[in-house]
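*Asks:* Sharing a sequence plus its predicted fold:
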Amino acid sequence: MSDAVLSARTALVTGASSGIGWETARLLAGHGATVLVHARTTAEAEDAVERLVAAGARRDQLVELAADFTKLSEVAVLAGTVVEHYPSLDLLVNNAAAMAPERCTLTDDGNEVSLQVNFLAAHLLSKLLRAPLSAAGDARIVNVSSSLHRTASMNWSDPHRVKKYSRVAAYAQSQLALTMATADMAPAGSGVTAVSVNPGLCDTALLPLYGRVGAPAAEGAAAVVRLCLPETVVANGAYFDGEVIAPPAPVTQEERSLKRLAKLADQLVGRAA
């Protein structure tokens, strides 16, 4: 595949070392995009790029970037690197995700780990990359969410679920927060459009959380990449189940809850912002 429809565009894909993220990077490169391949460590990013080249991507299309999203300071450094070298960013795919561990685990920033990796990092990146996204003129943010967000509720009094922890509830809450915050990542007048997508149940590192057989990661990535293509018309804040637009959880439309989440997220990212 090399239709070059994205040949003049630059995309940052977070969590691109494996699974849907790696397949998304591969497909975007196949469409001609310059792909910033993010992974947790430099070694993982370099390995991902080597595998992408082996799969047919051109080496000069790929840039490896590393940041451990359990450290918000590294998210900020990543954003700073992108801003410095890419004054125009056409696509931000917030794909990085961590399975909530068996026991409640807080990062050094004081946040429940899946909430930070799956939501707060994306929230922070979208804010810190606002300038290059706006400069692109018609940029898109694609948040890789989950159908589990419909089963979730925000625990406003204990967002890190320290008092009563369940790994499924923590993970689902992180995906709900990401879906709720999507429209806010592209404020009116920014020139950016943000959407979220449930890529379907795929055979990735997160599959054990669902406990079922999953489709190939490439199938989920195809649904993500479709939303990156200029031919796909999207509305800000829209939610997709695969390729089909679908109703998200009702709370994603509640103005009071959206404002509450925006305030909470800003508080939790704190000085890193």
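*Replies:* On my side now, so go ahead.
*Asks:* any chance you could map the helices in the stretch 101-250 of the chain?
*Replies:* Along the stretch 101-250 of the chain, counting by DSSP state H, counting those that start in this stretch, helices occupy 113-115, 121-128, 130-136, 167-181, 207-210, 217-226.
*Asks:* and stretch 74-82, what's its mean pLDDT?
*Replies:* What stretch 74-82 shows for mean pLDDT is 98.
*Asks:* circling back to that earlier point, let me know which of the helices of the stretch 101-250 of the chain is the nearest to Arg103.
*Replies:* Closest to Arg103 of the helices of the stretch 101-250 of the chain, according to C-beta to C-beta: helix 167-181, at 8.3 Å. (Glycine included, C-beta is placed from N, CA and C.)
*Asks:* OK, contacts around the residue nearest to Ala97 when sequence neighbours are not counted?
*Replies:* Of all residues not flanking Ala97 in the chain, Asn118 sits nearest, at 4.8 Å (C-beta to C-beta, 6 or more residues apart in numbering). Residues in contact with Asn118 (C-beta atoms under 8 Å, 6 or more residues apart in numbering) are 96-98, 171, 174-175, 177-178.
*Asks:* Now do Asn118 against Glu255, distance only.
*Replies:* According to C-beta to C-beta, to the nearest Å, Asn118 and Glu255 sit 23 Å apart.
*Asks:* Now do the residue nearest to Ala97, the pLDDT please.
*Replies:* 96.
*Asks:* I'd like to know which helix or strand in this structure has the lowest mean pLDDT.
*Replies:* helix 207-210 (a mean of 50; mean pLDDT, DSSP states H and E).
*Asks:* on that earlier part again, would you convert the contacts of Asn118 into CSV that also reports distance to Val162 and pLDDT?
*Replies:* As requested, the contacts of Asn118 are exported to CSV (distance: C-beta to C-beta, whole Å; pLDDT from 0 to 100):
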residue, distance to Val162, pLDDT
Ala96, 23, 96
Ala97, 21, 92
Ala98, 18, 91
Tyr171, 16, 92
Ser174, 15, 95
Gln175, 20, 93
Ala177, 17, 96
Leu178, 21, 96
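*Asks:* so which of the residues you listed comes closest to Ala218?
*Replies:* Using C-beta to C-beta, the contacts of Asn118 come closest to Ala218 at Ala97, 17.2 Å.
*Asks:* For Pro187, see how far away that closest one is.
*Replies:* For Ala97, the distance to Pro187 - C-beta to C-beta - is 24 Å.
*Asks:* before we move on, what about Val75?
*Replies:* According to C-beta to C-beta, Val75 and Pro187 sit 20 Å apart.
*Asks:* With neighbour numbers in mind, choose between those two.
*Replies:* Val75 (28 against 14; other C-beta atoms under 10 Å).
*Asks:* got a list of what that one touches?
*Replies:* Listed by C-beta under 8 Å, 6+ apart, the contact set of Val75 reads 67, 69, 121, 124-125, 128, 272.
*Asks:* swap the cut-off to 10 Å and go again
*Replies:* By C-beta atoms under 10 Å, 6 or more residues apart in numbering, Val75 lies in contact with 14, 67-69, 96, 109, 116-117, 120-125, 128, 269, 272-273.
*Asks:* Quick one: the strands in the stretch 51-200 of the chain, in order.
*Replies:* For the stretch 51-200 of the chain, the strands defined by DSSP state E, counting those that start in this stretch cover 62-66, 91-94, 139-144, 192-198.
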